[in-house]
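In: no FASTA, just this:
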């Protein structure tokens with residue numbers, strides 16, 4: 001009887017599976033670019049959030065005001081927010097028509113007219129207004145003041 005012919009064969013030695021590391025140079029560069037992009041995006045978002053802090057504070061204060069407010073309170077709120085972004089010498093001394101003209105670039109035409117009418121009533125006996133009626137005007141003006149500006 002002949003010996004088993006399979007006994008003469010060498011066993012197949014399986015090599016270990018290749019791992020995922022080290023990555024190829026292209027994959028490493030893509031991951032590095034992704035990490036740098038995410039860090040840059042995070043940095044930009046944090047800076048924007050910090051720049052908008054005075055606007056957020058003013059809007060929170062506006063929300064906390066009672067339903068009936070004096071026009072001078074709304075005016076003071078906007079001016080304090082403006083002082084956070086612009087030099088005190090440019091903003092603090094403004095009042096009346098000068099203040100209305102200074103605010104004009106931050107409002108559209110309808111809002112300018114509404115603000116001028118509101119501002120004209122500021123020192124009259126009927127200087128109390130419903131906050132809800134003018135909420136969108138104030139929010140838009142506050143948001144426009146801080147758009148693209150860094151607080152002083």
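Out: Received the coordinates, thanks. Quick caveat: nothing in here was measured; it's all calculated off a predicted structure.

In: which residues are contacting the strand or helix carrying residue 117?
Out: Per DSSP states H and E, residue 117 falls inside helix 109-120. With C-beta atoms under 8 Å, 6 or more residues apart in numbering as the test, helix 109-120 has contacts from 71, 74-75, 96, 99-100, 103-104, 107, 129, 134, 137, 140-141. C-betas here are computed from N, CA, C, even on glycine.

In: Where strands are concerned, which of those count?
Out: In this view, the contacts of helix 109-120 that belong to strands under DSSP state E are residue 129.

In: and of the contacts of helix 109-120, the nearest to residue 11?
Out: residue 140 (80.1 Å; C-beta to C-beta).

In: Hmm, residue 107 and the closest one touching each other?
Out: Yes: assessed by C-beta atoms under 8 Å, residue 140 is found in contact with residue 107 at 6.9 Å.

In: higher neighbour count, the two?
Out: residue 107 (18 against 14; other C-beta atoms under 10 Å).

In: wait, what's in contact with the more buried one?
Out: 115, 137, 140, 141, 144.

In: burial of residue 62, as a residue count?
Out: Applying other C-beta under 10 Å, I find that residue 62 has 20 neighbouring residues.

In: Model confidence score at it, please.
Out: In this model, residue 62 is scored at 90, pLDDT.

In: same question, residue 84
Out: Per-residue confidence at residue 84 stands at 91 (pLDDT).

In: How about residue 114?
Out: Predicted confidence (pLDDT) for residue 114: 88.

In: And for residue 142?
Out: So, for residue 142, pLDDT stands at 89.

In: who are the neighbours in contact with it?
Out: 55, 58, 59, 62, 77, 78, 81.

In: Quick check: the gap between it and residue 61.
Out: 10 Å (C-beta to C-beta, to the nearest Å).
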